[in-house]
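Enquirer: sequence first, predicted model second:
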Amino acid sequence: MATPQVGAGIGIANLPNQRHKIVAKRGANFTLMVCGESGLGKTTFINTLFTTTIKPPKNHKRRFNKSSEKTVEIEIIRAELEEKQFNVKLSVIDTPGFGDYTNNRDSWMPIIDFIDDQHESYMRQEQQPKRQDLIDMRVHCCLYFIRPTGHTLKPLDIEIMKRLGTRVNLIPVIAKADTMTPTDLHKFKRRILEVIAAQDIRCYSSPLESDDEATTQRNMSIMSAMPFSIIGSTEDVITPDGHTTKGRQYSWGVAEVENEDHCDFKKLRQLLIRTHMLDLIHSTEEFHYENYRNTQMETRKIGEARVKTWKEEEEALRKRFTEQVRLEENRFRSWEQQLIAERDRLNKDLEAEHSHIKALEAELEALQAGLSPRRR
Ligand SMILES: Nc1nc2c(ncn2[C@@H]2O[C@H](COP(=O)(O)OP(=O)(O)OP(=O)(O)O)[C@@H](O)[C@H]2O)c(=O)[nH]1
Ligand SMILES: [Mg+2]
């Protein structure tokens, strides 16, 4: 896990926001996640973001070498961004790309679960009496990588984006923008937005209005680029006008990461690191986390009510059973008593019969005794 420090300013201290003061005091935790089909350039994007935003850390080399490898597990990369008195602890979550079929649930469900688990873990900690130093890995923004097919969103994208949109600030991005012509890219963006609207997929939207006109204009310009097209690369290329920048070299020329005519990487980075970071953090807390908490509370309340009903039913059943057993026992006892009484009566009868027989026998004997001398 790398922990790079930034030397270059990132502009976050200039946030024109009341909340800035609060966050500036204690610093902010910002967690960004990338997800999407395999091989779309998620890991490359993270590396590009670090290379272009943060002074590359010494121990970061290992990651760059890994960029062409498949990501096989959820990986968290940590960095610290500092500017003047402002401090941001940045965590980027790289996820394994999933296959391109909807029924491939095993590969993308863990990503959804990861987001829920972070909310759950935070909620548990909040419920503890000791609440200092909460570990907070709630995802503030999830970039969903879309394959640059030029057609439309696939059923797989729709299914996953729907689930993500209700849990997290979802921002769709078009991967590998250098593989499409600007005209096709424009059409593709429009189609994606149409599907998002038609399918009711909830994507991140931000308050565009601000106190000053320039900020409002800037926010509108950034947000209107959604879904952001991106080019990822940590390689240096030489532009036609001779300066060195990050990009991808082709026989026909270069695709530049930070050129706004080539892709929206710069706008997206500005949104994430500078203009909308606090809004992403606050909307996560105030909307997505609250949503999760309320749903869980509701579910738990229903659960508790069910348990209460079960307990009541169990108690009633137990009472009924005990009563039944008591009645049976009474019935058995009175039957037993009757039986004993009957036995005693029979015994008495038997004794009476015995005495009667004995008396008869004695009488017989006496009779026999009286008779015999006369015979002699
Ligand atoms: N043309 C083009 N290729 C790219 C871009 N970004 C990444 N690639 C290439 O795409 C391949 C896959 O990139 P990765 O960053 O490993 O993709 P990934 O989404 O992390 O893949 P998984 O970890 O398997 O999900 C590599 O060969 C990259 O060089 C891009 O913007 N344009
Ligand atoms: Mg990867």
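Expert: Yep, that arrived. All of these numbers come straight from a predicted model, not from anything done at the bench. Ligands and ions are numbered 1, 2, ... in the order given.

Enquirer: pLDDT weak spots in the stretch 101-250 of the chain?
Expert: Scanning the stretch 101-250 of the chain with the threshold set as pLDDT under 70 gives 102, 131, 208-210.

Enquirer: show me where it has helices.
Expert: 105-127, 155-165, 182-198, 213-223 (DSSP state H, counting those that start in this stretch).

Enquirer: so which of those comes closest to ligand 2?
Expert: helix 105-127 (12.5 Å; C-beta to the ion). C-beta here means a position set from N, CA and C on the backbone, and glycine is covered the same way.

Enquirer: can you tell me if that closest one touches ligand 2.
Expert: No. Contact of helix 105-127 with ligand 2 (C-beta under 5 Å from the ion) is absent, the minimum separation being 12.5 Å.

Enquirer: other SSEs contacting that helix?
Expert: strand 28-36, helix 155-165, helix 290-375 (3 or more C-beta pairs under 8 Å, 6 or more residues apart in numbering; DSSP states H and E).

Enquirer: quick one: the ones you listed as JSON lines, columns for mean neighbour count and distance to Y250 too.
Expert: Conversion of those to JSON lines gives the following (neighbours: other C-beta atoms under 10 Å; distance: least, C-beta to C-beta, whole Å):
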{"stretch": "strand 28-36", "mean neighbour count": "23", "distance to Y250": "23"}
{"stretch": "helix 155-165", "mean neighbour count": "20", "distance to Y250": "27"}
{"stretch": "helix 290-375", "mean neighbour count": "10", "distance to Y250": "45"}
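
Enquirer: in the chain, which residue sits nearest ligand 1?
Expert: Of all residues in the chain, G97 sits closest to ligand 1, at 2.2 Å by C-beta to the nearest ligand atom.

Enquirer: and the pLDDT for that residue?
Expert: Predicted confidence (pLDDT) for G97: 93.

Enquirer: in this structure it contacts E37, no?
Expert: Yes. Taking C-beta atoms under 8 Å as the definition, G97 is a contact partner of E37 at 5.3 Å.

Enquirer: skipping adjacent residues, who's closest to D157 in space?
Expert: Using C-beta to C-beta, 6 or more residues apart in numbering and skipping residues adjacent in sequence, the residue nearest D157 is I146, 6.2 Å away.

Enquirer: ditto for E75
Expert: Counting by C-beta to C-beta, 6+ apart, the residue nearest E75 is D94, at 4.5 Å.

Enquirer: so who does the one you found touch?
Expert: Residues counted as contacts of D94 (C-beta atoms under 8 Å, 6 or more residues apart in numbering) are 34, 42-43, 46, 71, 74-77.
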